[in-house]
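*Asks:* build me a model from this:
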Amino acid sequence: MYIIDLLKEIEYENYTGNNEIDITGISCDSKKVKQGDIFVAIKGFTANGHKYISDAIKNGASAVICEYIPDNLKDISNFLLVKSSRASMASVANVIYGYPSKKINIIGITGTNGKTSTTYLLKGIYDYLKEKSGIIGTMGTLIDGEKIKTDNTTPESTDNQNYLSKMVEKSITHCFMEVSSHALELNRVDEISIDVGIFTNLTRDHLDFHKTMENYYNAKKKLFYKTKTNNIINIDDPYGERLYKELIDDGIKAMSYGIDNEADIKASNLITTMKGTSFDCNIKGIIKKIHVKTPGKFSVLNSLGALGAAYSLGVDLNDIVNSLSEFKGVTGRFQILETALDCTVILDFAHTPDGLQKVMDTINEFAEARKIVMFGAGGERDLSRRAPMGEISGKYCDLSILTSDNPRFENPYDICMEIAQGVEKSGGKYKIIIERDEAIYYAIDNYQSKDVILLAGKSTEPYQDMGVEKIPYDETTIAKRAIKEIEQKHGLRKN
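*Replies:* Next comes the predicted model:
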């Protein structure tokens with residue numbers, strides 16, 4: 001589109017340059033700029049995009065969105081001056097990609113834990129209905145069977161608009177999007193029309209960025225003032241209970257869900273085994289019996305959130321119940337790995353104190369013997385959660401195996417020792433094995449009859465962040481290989 005047409009659709013302070021230039025795309029990465037793109041110079045946390053304007057121009061940028069024009073570049077390109085490059089990037093991307101969120105139903109899910117599982121539960125519902133849907137989230141962007149790797153839980157606004165436009169092209173009718181607190185603070189979901197918002201929970205996380213829990217809460221809260229149709233709020237969570245009351249007081253439409261508290265959508269009479277959880281569900285006076293194949297209260301709560309969102313968009317209640325019962329679970333979320341060994345091996349993404357405790361609470365409901373957990377903690381991130389995670393593992397488990405998990409520029413042994421302080425506080429036993437693949441092998445190789453072994457923290461995350469570089473890493477493959485080798489060792493497998 002010509003830039004003169006773009007300027008009619010957005011707010012800006014000044015434009016200097018040729019009105020007839022053609023804009024074919026948008027990028028905030030000077031290395032990825034293509035001929036005809038408009039480059040967005042963003043002041044980041046570690047780098048200032050204004051320093052890379054000349055590189056973007058050399059790579060073919062037709063114009064530049066910026067907050068100021070470097071003196072040595074004033075006459076060599078077309079410049080669009082704005083107050084906030086980040087906010088403007090969202091607006092411009094929305095225009096360039098043709099306002100895609102207005103052409104598709106979008107459910108946005110936010111919370112510390114449960115976002116990924118809820119997106120895939122929703123996809124399971126719409127797959128059952130044979131309606132095409134897509135996902136944007138932690139495990140990548142899913143469009144018509146193609147999975148696109150993404151660096152962040154919620155990508156940059158340019159990528160979001162691009163992905164949504166591709167979904168529209170593929171006749172996808174619904175998109176389920178994980179909306180992180182970072183995304184809400186950094187304008188990544190600005191200009192995206194969201195039909196329904198889901199709040200899963202809020203526990204200590206990302207305080208290296210937000211500084212306080214109040215800031216973290218207020219960042220999450222922004223999502224629910226963007227929605228058009230409804231909001232589905234977990235009121236078993238203290239912050240969810242607060243959010244629900246504040247939304248109602250502000251005249252914002254919302255439905256509550258929960259297990260422990262009275263709610264619009266309430267689960268009761270939970271029966272949990274290793275094969276899943278059955279429960280009664282009361283949806284505004286209508287009672288349905290539901291079985292989900294992933295065990296635990298957290299799984300039930302995620303299912304209630306998905307149910308509420310689909311119900312708000314008009315899906316028949318019986319179809320939702322049937323689809324939830326058929327849903328096989330999410331890869332890497334309380335995933336029980338197949339094995340001939342006399343133990344249970346579970347893969348899960350639990351990487352916060354709350355997430356770890358919820359998984360251990362579930363394991364407690366069916367464990368017959370020892371409980372073993374292997375996990376670590378990220379380097380250069382919220383240091384205050386390390387000891388609490390150790391305290392939880394020490395309380396619940398017979399052995400905690402502490403290992404490396406995205407140490408970045410920190411010494412992984414030092415991180416493990418901080419976790420160990422929590423394990424010791426609760427009287428637990430621990431062993432430190434820094435190399436994660438060795439830790440996995442040790443945990444499984446030293447099993448005893450009926451043990452439950454939890455491999456926590458990495459799940460489907462495809463790398464180990466070593467600071468200098470992200471090294472490819474696949475926990476599922478490593479765990480399955482360890483199981484195979486140990487089965488061979490015990491004469492349970494021939495090859």
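*Asks:* from now on I want contacts and neighbour counts done on CA atoms only, so please keep to that.
*Replies:* Fine.
*Asks:* how is this structure divided into domains?
*Replies:* Listed by automatic domain parsing, the domain ranges of the chain are 3-96, 100-326, 335-489.
*Asks:* dump those into CSV; add mean neighbour count and distance to Asn495 as well.
*Replies:* Below are these laid out as CSV (neighbours: other C-alpha atoms under 10 Å; distance: least, C-alpha to C-alpha, whole Å):
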stretch, mean neighbour count, distance to Asn495
domain 3-96, 18, 46
domain 100-326, 20, 28
domain 335-489, 19, 7
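*Asks:* now those domains in CSV, with mean pLDDT?
*Replies:* As requested, those are exported to CSV (pLDDT from 0 to 100):
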stretch, mean pLDDT
domain 3-96, 93
domain 100-326, 95
domain 335-489, 95
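*Asks:* can you pull the phi/psi pair for Val82?
*Replies:* With angles defined as degrees, to the nearest 10, Val82 sits at phi -140, psi 160.
*Asks:* that one touches Glu67, doesn't it?
*Replies:* Yes - counting by C-alpha atoms under 8 Å, Val82 does reach Glu67; the two are 5.3 Å apart.
*Asks:* alpha carbons only: can I get stretch 55-68 in CSV?
*Replies:* The C-alpha trace of stretch 55-68 is given here as CSV (Å, rounded to 0.1, in the frame of the first residue of the first chain):
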residue,chain,number,x,y,z
ASP,A,55,21.4,-0.9,8.4
ALA,A,56,17.6,-1.2,7.8
ILE,A,57,17.8,1.3,5.0
LYS,A,58,20.7,-0.5,3.4
ASN,A,59,18.7,-3.7,3.5
GLY,A,60,15.8,-2.1,1.6
ALA,A,61,13.6,-0.3,4.1
SER,A,62,11.3,2.1,2.2
ALA,A,63,10.5,4.1,5.3
VAL,A,64,11.3,4.3,9.0
ILE,A,65,9.1,4.7,12.1
CYS,A,66,11.0,6.3,14.9
GLU,A,67,10.8,8.6,17.9
TYR,A,68,13.6,10.8,16.7
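*Asks:* could you say which helix or strand holds Leu80?
*Replies:* Remark: Leu80 resides in strand 79-81, with elements defined by DSSP states H and E.
*Asks:* can you check Leu142 too?
*Replies:* Assigned by DSSP H and E, Leu142 belongs to strand 140-143.
*Asks:* other SSEs contacting that strand?
*Replies:* Contacts defined by 3 or more C-alpha pairs under 8 Å, 6 or more residues apart in numbering; DSSP states H and E place strand 140-143 against strand 133-137, strand 146-148, helix 157-169.
*Asks:* ok, residues contacting the helix or strand that the longest one is followed by?
*Replies:* Past helix 157-169, further along toward the C-terminus, the next helix or strand under DSSP H and E is strand 174-178. For strand 174-178, the external contacting residues (C-alpha atoms under 8 Å, 6 or more residues apart in numbering) are 104-110, 115-116, 119, 122-123, 132-138, 153-154, 164.
*Asks:* partner strands of the strand holding Leu142, with direction?
*Replies:* If you go by DSSP bridges, strand 140-143 pairs up with strand 133-137 (antiparallel), strand 146-148 (antiparallel).
*Asks:* could I get those strands in a markdown table, plus columns for distance to Phe45?
*Replies:* Shown next, in a markdown table, are these (distance: least, C-alpha to C-alpha, whole Å):
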| stretch | distance to Phe45 |
| --- | --- |
| strand 133-137 | 22 |
| strand 146-148 | 26 |
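*Asks:* and stretch 167-185, how far from the chain's centre?
*Replies:* On the basis of C-alpha atoms, centre = their mean, to the nearest Å, stretch 167-185 sits 12 Å off its chain's mean C-alpha point.
*Asks:* try stretch 220-238
*Replies:* 16 Å.
*Asks:* now the end-to-end length of it.
*Replies:* Using C-alpha to C-alpha, to the nearest Å, the end-to-end distance of stretch 220-238 comes to 14 Å.
*Asks:* coming back round to it: quick one, which of the helices and strands packed on strand 140-143 is nearest to Phe199?
*Replies:* When the helices and strands packed on strand 140-143 are compared by C-alpha to C-alpha, strand 133-137 sits nearest Phe199, at 15.2 Å.
*Asks:* hmm, who's touching the closest one?
*Replies:* 116, 119-120, 123, 126-127, 141-144, 150, 152-154, 160, 167, 172-179.
*Asks:* ok, now stretch 51-71?
*Replies:* Against stretch 51-71 from outside (C-alpha under 8 Å, 6+ apart): 21-23, 29-31, 33-42, 50, 73, 77-85, 88-89.
*Asks:* what does stretch 5-24 give?
*Replies:* With contacts defined as C-alpha under 8 Å, 6+ apart, stretch 5-24 is touched by 1-4, 36-38, 62-63, 77-83, 88, 91-92, 95-96.
*Asks:* if we use 6 Å, what do you get?
*Replies:* 1-4, 36-37, 78-82 (C-alpha atoms under 6 Å, 6 or more residues apart in numbering).
*Asks:* now swap in stretch 245-260 and tell me
*Replies:* 230-236, 263-267.
*Asks:* same thing with stretch 355-362?
*Replies:* Residues from elsewhere that reach stretch 355-362 (C-alpha under 6 Å, 6+ apart): 296, 350.
*Asks:* ok, and the closest non-adjacent residue to the residue nearest in space to the middle of the chain?
*Replies:* The centroid of the chain falls nearest to Thr138 when counting by C-alpha atoms, centre = their mean (4.1 Å). If the residues on either side of it in the chain are set aside, Thr138 comes closest to Thr153, at 4.2 Å by C-alpha to C-alpha, 6 or more residues apart in numbering.
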